[in-house]
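A.B. asks: Got a sequence here, can you build the structure:
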Amino acid sequence: MYCFVRQCKEAGADDILDISNCELSEVPSSAFSICKVLQKKVLILHNNELRSLLPKGCDIVSLATLKVLDLHENKLTSLPEDIGRLAQLQILNVEKNLLKTLPDSIGDLRLLQTLNLKGNCLSELPSSVGSLSSLRTLDLSDNKIVQLPKALAYIRTIESFTLDAAKMSYPPASVCLDGTETIQRFLCNELGEEYCPPSQYLLPVLENDSTSGKQNSDCLDGLEEMWQEQKQREKLAFERHLEEKQKQHTQLLLMNNSHKENVLNSVRQEQERLEQGVSQQQKAQEAERLLILEKVRQAEESISCRISNMLKDNNRQVKSAEFLQNMEEDRIRMEQLTAITQEEASSLRKREVAAAMQKMLSDSCAVSLLQEASDFRRQNLVSAAYRSIENMDRKFDKVLSLQVLDKSKAITQILQEEEMQKAAFQALQLQKDAVHGYIRNQIKLIETELMQLTKLEIKRRSLDAENLQEVLGEQRTALSDLLQQLLKQRDQREQELRQVLVELELKSESNQQNYWMIQYQRLLDAKPLSLRMQEVGAEKELVNLLCKLSAQHYLPILAHNRVTAEALRHMSASDLKKLGINEVGIQKALLNWAQEHRPEVIMSLPTLLILYGSQTGTAQDTAQRVARQAQRRRLQVQVMPLDNYNVTNLISETLVVFVCATTGQGDPPDNMKNFWRFLFRKSLPVGSLSRLDCAVLGLGDSSYPKFNFVAKKLHKRLQHLGASLLLHVGLADEQHDLGSDAVIDPWLTSFWEKVYALYPPLSDVIQLREDEQLPPTYIFHFLDDVTEKADDRLRVPTEQTVPSRLHPFPAMMIFNRRVTDLSHFQDVRHIEFNVTGSNIEFAAGDVVCMHPRNAAEDIKQFCQLLKLDPESQFLLRATGNTAVPARLPQPCTVHYLVESYLDIAAVPRRSFFELLSTFATNELEREKLVEFSSVAGQNELHTYCNRPRRTALEVLADFPHTTAEVRVDYLLDLFPEIQPRFFSIASSLQVHPQRLQILVAVVQYKTKLYKPRRGLCSSWLASLDPTQGDVYVPLWVKKGSLKFPKEEDTPVIMVGPGTGVAPFRSALQQRIAEGKTANVLFFGCRSESKDFYFRSEWEDLIKAGHLTLFTAFSRDQEEKVYVQHRVRDSAQLLWDLIANKGACCYIAGNAKQMPASVGDALKEVFQQVGGLTAEEAEQMFAAMEKTGQLQSETWS
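C.D. replies: As a prediction, the model looks like this:
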């Protein structure tokens, strides 16, 4: 740097061209013309965005007169190949760029004296650097260089050599630590050259400098001779100075060697002491391990006893189940004589009443322990009764269609004989009416009893606990007695009906007039087809499979030919076709099931548990991707969020994969915080997870300081608890050119290799091909005849419920105003909601959450593409052990599903194309989709989808043939759930009671696509107009990351450019209402007249003496001014507030460059005013972050 300043001074102002700090992406061609015409000697280009030094059409010869070229803090990835043509260049500064290699021509810079390569990505130096005969200073620190070229020994003039000595492998680190002279001696010895100090070669270099000056001079007079004499005297003085420096350096080396010996002795002693401590600790741990093993042995014995008891209990339950199945068959035969439609409607109403009662009971379970026990017993009774009814209804539905067909045939036959038919029908109708009337009366009695229980529950608060228990006990006893009476009366009615039918049958055999009546009764008594097939020998699992595939009509074929799972394993599709099973999909499903149904292999395979912690849905998508790969390997899989898993069961798991993201400042996602707190309890014993085989995959963004912090910490904690980590922690980076898949793909390959080595039987299992569809997670049961519409309205939480993600509060929008000028490029909205009666409470720094909705035109296009009726209703059923999404009502309309749940406006991930390709029938579309889902096609996918931000809906429109083949059951597998959006609350309850305000910037930008890209939530909010009618938005509140001081005398410093000022408006309103007036705010925007948010409020606070405001308007003048500049300008005030008064600092806003720039500005304040060194300033900054004195909340 000294040489740089000296050269600039010698050059003079006319010889310098300074175009630094201009945010240039390339060097203007005019700069080359200026340097060539005016023969500039200094070119300064630092602090720009340059990616290349030479623009198109320019030649580096135009810079031939340059002596100084400053390119530091740009984004250069390479230097021109012909940079050696800058023959006069003496100083080259390329610090803090992205250089990976240097051109060989750099060795042609014979006059180059200073070369600064610090902070790049260099891994090696070209051997041509040995030709830099005048080089004095070389800086290679903060690179990836571990070896130096031997040719550096030919540079005899080098005086200063800076590099990362600890990383070096050649020369060894010990040599590099001793300094420049030792390195040069080492390299000379390697080449067999004699080492000579730089002082012997310095004079010739200086002479060359003077000679080059003579060549450029046109005047040869006496003044030049005087100047040469003066230079000669300076050379002699410099030689004497060098000799003195060498003597001092020798003394320092001797002192350094003695100091090293002392340090080594102390380190050796400390090492011996540590080894003794470690051995003692190992002995203690061994004793503790033996103790734990003994406890584990005792626990295993206890568990084995419990398992034997459980097996006995299970046998008893099996016998009970057989008894219940017999009762169920009796109930089905009786129900065949009743009015099916009315019975089904009544049972549906009973389930709704039971669900309402269960919800009310669950909301009030916290009154007392006695009430909890009473509620629990009552809920068990009601739920057990209605579960049995629901199971019976489900079985009844299976045979309903067959019964209707049989009844229609029987009725057709009966109608052939009118007189006999009337008599038979009247007799049966009287019997049915009697039974039906009786059952209706009993149902009304049950409903009356349930309504009474409901009223009692509503009055619960006014009753004493003991009285409540007595009343509930009486009602429960009455309900039990009533149920018992119903069961008895049902049995009696069944016996009476049997006797009547037996008498009719006996009479009819002798009397031909009752023939059709007997035939009709026999048809009603016929068993369902599935039961007949089971009786003739069809395997139960095979029957269940065909029922799931809606292929029950093939059961007689399989039963007649005695086809079992073992037989299917040896059959092909052609064999099934010969039997009469012609559907290709059914053939594949049967053959795949037969291969999976191998008990000897399946019993030896583990169940893979995949636990994920996801904030935006990326980790959830990755977890489901791992699950699909496991399913293709025939493994049993269970996927769930970490907080939904009972963490106490982790000690008994065998194989687990953890997929977790990192949010905020190294925080875990919301759906794994409970798991996180439990796992890091200090009371958990070391080695408690010794039976667990697991792996950790982290998803993060390297632009944040705590990159993948959660995954790294979880990996270490699992190791500490004794878990066996199958492989290293995977650290996926969204900033990678190929995205997270660049790490996930090889990580998964290594993971499956470890699993195959751990479980050899898995190698014998035949995997499913990539083009074969896995079964959907959910099945849609569309309701053809619906008497009541599905309730898609917002559900208002009860008074005791605090709004949450599953139970948001429908807040009415009060106003929705644009706060930016109409000429401003961005639409920013100030929105207020009424939260009266919501039980919502919040403080400064908290955030409001809401689920956005898809646009009406997108919903219409989606339904047209997939040929869906938006008004059709369906019930959702899970195919495995996955729970039905709690946000979807049952039943639900297609319109509600698409509007509020499916994220059709998101940019689809790789898994979307992978599943979509399995539906493709068009060859061209299939090839493209397969390419997008492959590893090799990720660059193509990035160009097609990620770069232009193409939505999933637009992708469906681009592949019309495939979209037409998509089955509705796979919608929830194709499209992710709409994730909630979070906004900092911009108001305080002290100033705006029962109101909640936010500041929203509407996201809109252009890509290469014709249609502009829009933010889903911000565009939806901007479209809502409360002046046209009541508008309700479901929302809830959660704690934010900003925590403001409670002490009245603690000042706060807030930096919030743009919409980042929202949480600070809330904080200022709250603090001023509490009498806290030491507030400093730094606010930045583009223009004072266009986007100065809450200007009038800030001016009023300034007049009242409650606020000190610093503003930065970046576009109101030629030179751009940002908040970090205002921070530097206020250095004295900030240092006094932080160092002397303990002020807390807060930063909020866009996460790109602003937080880091403000952080750098604060560190400069610590150095300039506080007198700290750069290292001390870093330490102080880190300490403030750790203690919470410095907090930030940023978003991308």
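A.B. asks: So for the longest strand along the chain, what gets flagged as buried?
C.D. replies: In terms of residue count, the longest strand belonging to the chain (DSSP state E) is strand 809-818. Judged by neighbour count (16 or more other CB atoms under 10 Å), strand 809-818 contains these buried residues: 809-811, 813, 816. For the C-beta atoms, the positions are set from N, CA and C on the backbone; glycine is no exception.
A.B. asks: swap in stretch 628-636?
C.D. replies: 628-631, 633-635.
A.B. asks: wait, which of those is closest to Ala567?
C.D. replies: Taking CB to CB as the measure, Ala567 sits nearest to Arg634 out of those, at 19.6 Å.
A.B. asks: How about the closest one, nearest residue that isn't a chain neighbour?
C.D. replies: Leaving aside its chain neighbours, Arg634 sits nearest to Val765 (4.5 Å; criterion: CB to CB, 6 or more residues apart in numbering).
A.B. asks: That neighbour: neighbour count?
C.D. replies: Neighbours of Val765 under the rule other CB atoms under 10 Å: 18.
A.B. asks: Quickly note the distance from it to Ser279.
C.D. replies: 47 Å (CB to CB, to the nearest Å).
A.B. asks: same check, this time on Ser134
C.D. replies: In terms of CB to CB, Ser134 sits 58 Å off from Ser279.
A.B. asks: higher neighbour count, the two?
C.D. replies: The residue with more neighbours, out of Ser134 and Ser279, is Ser134; 22 against 10, by other CB under 10 Å.
A.B. asks: Surely the more buried one is in a helix?
C.D. replies: No. Counting by DSSP: H, G, I helix; E, B strand; the rest coil, Ser134 is not part of a helix but coil.
A.B. asks: Is it in contact with Arg110, as I believe?
C.D. replies: Yes. Assessed by CB atoms under 8 Å, Ser134 is found in contact with Arg110 at 6.3 Å.
A.B. asks: Name the single longest helix found in this structure.
C.D. replies: Ranked by residue count under DSSP state H, the longest helix found in the chain is helix 222-335.
A.B. asks: Show the average pLDDT along that helix.
C.D. replies: Averaging pLDDT along helix 222-335 gives 74.
A.B. asks: Can you check what pLDDT the model gives His560?
C.D. replies: For His560, pLDDT reads 68.
A.B. asks: Let me fix that, I meant to ask about His942.
C.D. replies: In the predicted model, His942 carries a pLDDT score of 87.
A.B. asks: quick one: contacts for it?
C.D. replies: Taking CB atoms under 8 Å, 6 or more residues apart in numbering, we find His942 in contact with 738-739.
A.B. asks: Could you rerun that using 10 Å?
C.D. replies: The contact partners of His942, by CB atoms under 10 Å, 6 or more residues apart in numbering, come to 737-739, 932, 948.
A.B. asks: May I see the buried residues of stretch 17-34?
C.D. replies: Of all the residues in stretch 17-34, those buried under the rule 16+ other CB under 10 Å are 17, 19, 24, 27, 31-32, 34.
A.B. asks: For the stretch 851-1000 of the chain, which segments count as strands?
C.D. replies: Taking DSSP state E, counting those that start in this stretch, the strands of the stretch 851-1000 of the chain run over residues 873-878, 892-893, 981-984, 995-1001.
A.B. asks: Ala1104: which of the ones you listed is closest?
C.D. replies: Taking the strands of the stretch 851-1000 of the chain one by one with CB to CB, strand 995-1001 is closest: 20.7 Å.
A.B. asks: tilt between that closest one and strand 809-818?
C.D. replies: 50 degrees (axes from the mean of the first three to the mean of the last three CA atoms, to 10 degrees).
A.B. asks: so what does strand 995-1001 touch, helix or strand wise?
C.D. replies: strand 809-818, strand 828-834, strand 847-850, strand 981-984, helix 1016-1023, strand 1032-1038, helix 1062-1073 (3 or more CB pairs under 10 Å, 6 or more residues apart in numbering; DSSP states H and E).
A.B. asks: how big is the angle separating that strand from helix 1062-1073?
C.D. replies: Counting by the same axes, to 10 degrees, strand 995-1001 lies at 150 degrees to helix 1062-1073.
A.B. asks: circling back to that earlier point, compile the buried residues of strand 809-818 into TSV and extend it with columns for pLDDT.
C.D. replies: What follows is these, written out as TSV (pLDDT from 0 to 100):
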residue	pLDDT
Phe809	94
Pro810	94
Ala811	95
Met813	96
Asn816	95
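A.B. asks: ok, which pair from these is furthest apart?
C.D. replies: Taking CB to CB, no two of those sit farther apart than Phe809 and Asn816, at 18.1 Å.
A.B. asks: hang on, the earlier thing: turn the helices and strands packed on strand 995-1001 into a markdown table, columns for distance to Pro761.
C.D. replies: Below are the helices and strands packed on strand 995-1001 laid out as a markdown table (distance: least, CB to CB, whole Å):
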| stretch | distance to Pro761 |
| --- | --- |
| strand 809-818 | 53 |
| strand 828-834 | 58 |
| strand 847-850 | 46 |
| strand 981-984 | 47 |
| helix 1016-1023 | 47 |
| strand 1032-1038 | 46 |
| helix 1062-1073 | 56 |
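A.B. asks: I appreciate the help and will end here.
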